[in-house]
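**Q** How does the following fold in three dimensions:
(one chain, ligands or ions: 1)
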Amino acid sequence: MNRTVRVPVEDVELSVQERGEGPALLLVHGFPFDHGLWRHQLKTFPGWRRIAPDLRGAGGSSAPDNGYSMARYADDLIAVLDAMDVAAAVVCGLSMGGYVIFELLRRYRARVRAAILCDTKAEADTDEGKRGRDEMIALARGEGAASVADKMVPALLAPDTRAERPEVEAQVREMIGRAPVAGIVGALTAMRDRVDSTPLLSELRVPVLVVAGASDGISTPEGGAAMAGKIKGARFAAVAGAGHLPPLEQPFVTTRLIADFLKTVL
Ligand code: MLT
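**A** Numbers count the residues shown, from 1 in each chain. Presented below is the predicted three-dimensional model:
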C-alpha cells in the first residue's frame, strides 16, 4: 500500500499519506509543517501501516479561513481513522502534533494504543507566549509564509544541522513556504488557545515514549524529561545533534528509537 487518500470531513477534505500494512501508526506533524516532516519515517517501519495526514490548513488538505482548534484537529484525526477502518493506532506527534495527541488522549482514549511525544510540552501558552502567537499571526497575514520561515528556522534547527546539512534547512523552508496563510493563522490561534494538558499526564495508562532533540530550545529536553517523569512507565530519550525537528535532523537515530519502542507495544 502506497497511496494518498482524500478524507472528507464536514467542510474540508484532508489529504492523508498511507504506506505499508499492519497495525496503524499515525504520524502527526507540527507547525507549520505537513506530512513531509515524516518523510523518512514514512519509508521505514515495515510491518506497520504508516498513516501521515496533513492537518486541516496544511499540505494538500483544505485550508478554511476559520474554525481551527486542538479539538477540531483531533476530531479530524478520528475521522481519518474511521475512514481507514482503524479502531486504534499508535500515535506519534511532534510539537503541535503532540498537543493534538493530548486532545486525543483526553477525549478518544480507546483509539490510542500507545503514544510517542516528540519535542512537545503539556503546558498551555504563557501570556508572553500568547502575545508571540498574535505577533506571528500579524507577520503571516502581512508578509506571508516565507517570513514565518525566516523567523522560525533559526529556532527550529540545531546549529550543527544548519552548518552541516543545508538540505534539511531547505526542506524545512520549502515546507513552511508552501503552507497556506489561513492554515498558519488557524494553527497559531489553536495553539494560543489550547488548554493545559499537565493534569492528564498522571492519568495516562498507555505506553508512552517521549523524545526531544538535545538542542531543542522550543520544547527543551529538560522539559521532555520532566514530562516523561509525570507519566506512569514513560521512557525518555534525547536525540544528540537535533533541535526541534529530530525526525528530519537525525532521521536514523529517531527512527531507531521509535522502532525500538514499537517492538514493545505489539
Ligand atoms: C511546532 O513545532 O509545532 C511549534 O513550534 C509548536 C509551538 O510553537 O508551540
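**Q** quick one, what contacts the nearest residue to Pro159 once chain neighbours are set aside?
**A** Leaving aside its sequence neighbours, Pro159 sits nearest to Ser215 (Cβ to Cβ, 6 or more residues apart in numbering; 7.1 Å). For the C-beta atoms, the positions are set from N, CA and C on the backbone; glycine is no exception. Going by Cβ atoms under 8 Å, 6 or more residues apart in numbering, Ser215 touches Ala158, Pro159, Asp160, Gly241, Ala242, Gly243.
**Q** Ok, Leu156 next?
**A** Leu156 touches Val172, Ile218, Gly243, His244, Leu245, counting by Cβ under 8 Å, 6+ apart.
**Q** What of Leu188?
**A** Going by Cβ under 8 Å, 6+ apart, Leu188 touches Phe31, Arg133, Met136, Ile137, Ala140.
**Q** Those residues: which two are farthest apart?
**A** The distance between the two most remote of the contacts of Leu188 (Cβ to Cβ) is 12.2 Å, for Phe31 and Ile137.
**Q** more neighbours, the two?
**A** Neighbour tally, Phe31 and Ile137, criterion other Cβ atoms under 10 Å: the higher count belongs to Phe31, 24 against 19.
**Q** isn't the more buried one right next to Thr189, touching?
**A** No - the pair Phe31 / Thr189 is not scored as a contact, 11.1 Å apart, by Cβ atoms under 8 Å.
**Q** on that earlier part again, just the ones in helices from the contacts of Leu188, please.
**A** Arg133, Met136, Ile137, Ala140 (DSSP state H).
**Q** which parts of the chain sit against the ligand?
**A** By the rule Cβ under 6 Å from any ligand atom, the part of the chain lying against the ligand is Gly30, Phe31, Ser95, Met96, Met191, Ile218, His244.
**Q** Just give me the neighbour total for the fifth one.
**A** The one in question is Met191. Close neighbours of Met191, defined as other Cβ under 10 Å, add up to 22.
**Q** Check the secondary structure at it for me.
**A** Following DSSP: H, G, I helix; E, B strand; the rest coil, Met191 is assigned to helix.
**Q** so it makes contact with Tyr99?
**A** Yes - counting by Cβ under 8 Å, Tyr99 is a contact partner of Met191 at 6.6 Å.
**Q** Name the residues contacting each of these two.
**A** Taking Cβ under 8 Å, 6+ apart as the criterion, Met191 and Tyr99 both touch Met70.
**Q** thinking again about what came up before, pull out the buried residues from the residues of the chain next to the ligand.
**A** Taking 16 or more other Cβ atoms under 10 Å as the criterion, what is buried in the residues of the chain next to the ligand is Gly30, Phe31, Ser95, Met96, Met191, Ile218, His244.
**Q** Any idea how many residues pack against Arg205?
**A** For Arg205, the neighbour count with other Cβ under 10 Å is 9.
**Q** what does Ile101 give?
**A** For Ile101, using other Cβ under 10 Å, the count is 28.
**Q** same check, this time on Leu200
**A** Leu200: 17 surrounding residues under other Cβ under 10 Å.
**Q** just to revisit the earlier point, which one of the contacts of Ser215 is nearest the ligand?
**A** Ranked by distance to the ligand (Cβ to the nearest ligand atom), those are led by Gly243 at 10.5 Å.
**Q** which SS state does the nearest residue to Gly36 once chain neighbours are set aside fall under?
**A** Spatial nearest neighbour of Gly36, excluding adjacent residues (Cβ to Cβ, 6+ apart): Met175 at 5.1 Å. Recorded secondary structure, Met175: helix (three-state DSSP).
**Q** Can you verify my assumption that Met175 contacts Leu37?
**A** Yes - if you go by Cβ under 8 Å, Met175 and Leu37 touch, sitting 7.1 Å apart.
**Q** Thr44: what's its closest spatial neighbour, skipping adjacent residues?
**A** Spatial nearest neighbour of Thr44, excluding adjacent residues (Cβ to Cβ, 6+ apart): Thr255 at 5.2 Å.
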